[in-house]
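Participant: Build me a model:
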Amino acid sequence: VANEGGKHWTVNEVRALIHIWSDKNILQQLEGTVRNKRIFEQVAARLQKFGIDRDWKQCRTKYKNLKHEYKSIKSAQDSGSTSKSMKFFNELDAILGHCTMEQASKSDNDESERPSEWTEAKSEKDSLG
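Facilitator: Predicted coordinates:
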């Protein structure tokens with residue numbers, strides 16, 4: 001019972017989840033909210049169209065786990081370690097890596113305080129060269 005989400009996600013299920021997650025609509029909704037049950041209900045409904053039977057809780061758990069794993073590998077890479085990797089890193093990097101940089105460059109955002117990792121991440125990469 002170690003896997004809280006029920007049966008393991010197959011490669012195709014994870015691909016489909018990432019595909020839906022990368023949708024601009026879904027991304028924008030997930031960006032600014034913590035109470036995201038409604039969003040994951042949409043995600044689950046879209047997975048059903050692919051013939052994948054997952055409820056919103058399973059989708060949210062998988063989303064959180066993927067995001068967490070991605071972030072830990074990303075920070076390991078930023079600190080010079082390349083030993084860690086994960087199956088869907090490139091797909092997630094396209095979504096998450098791109099998002100943070102895109103948000104950092106948006107000047108129409110009236111939040112003057114940005115998380116420091118956005119500005120630091122770029123300069124770290126430049127100095128690693």
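
Participant: Okay, now the unreliable bits of this structure?
Facilitator: In the predicted model of the chain, residues 1-6, 98-129 satisfy pLDDT under 70.

Participant: what do you get if the cut-off is 50, keeping everything else the same?
Facilitator: 1-5, 101-129 (pLDDT under 50).

Participant: who does the longest helix along it touch, helix- and strand-wise?
Facilitator: If you go by DSSP state H, the chain has its longest helix at helix 56-78. On a contact count with 3 or more C-beta pairs under 8 Å, 6 or more residues apart in numbering; DSSP states H and E, helix 56-78 meets helix 11-21, helix 37-49, helix 89-92, helix 116-128. To be clear about C-beta, it is placed using only N, CA and C from the backbone, and glycine gets the same treatment.

Participant: what's the angle from that helix to helix 11-21?
Facilitator: Angle of helix 56-78 versus helix 11-21, following axes from the mean of the first three to the mean of the last three C-alpha atoms, to 10 degrees, is 90 degrees.
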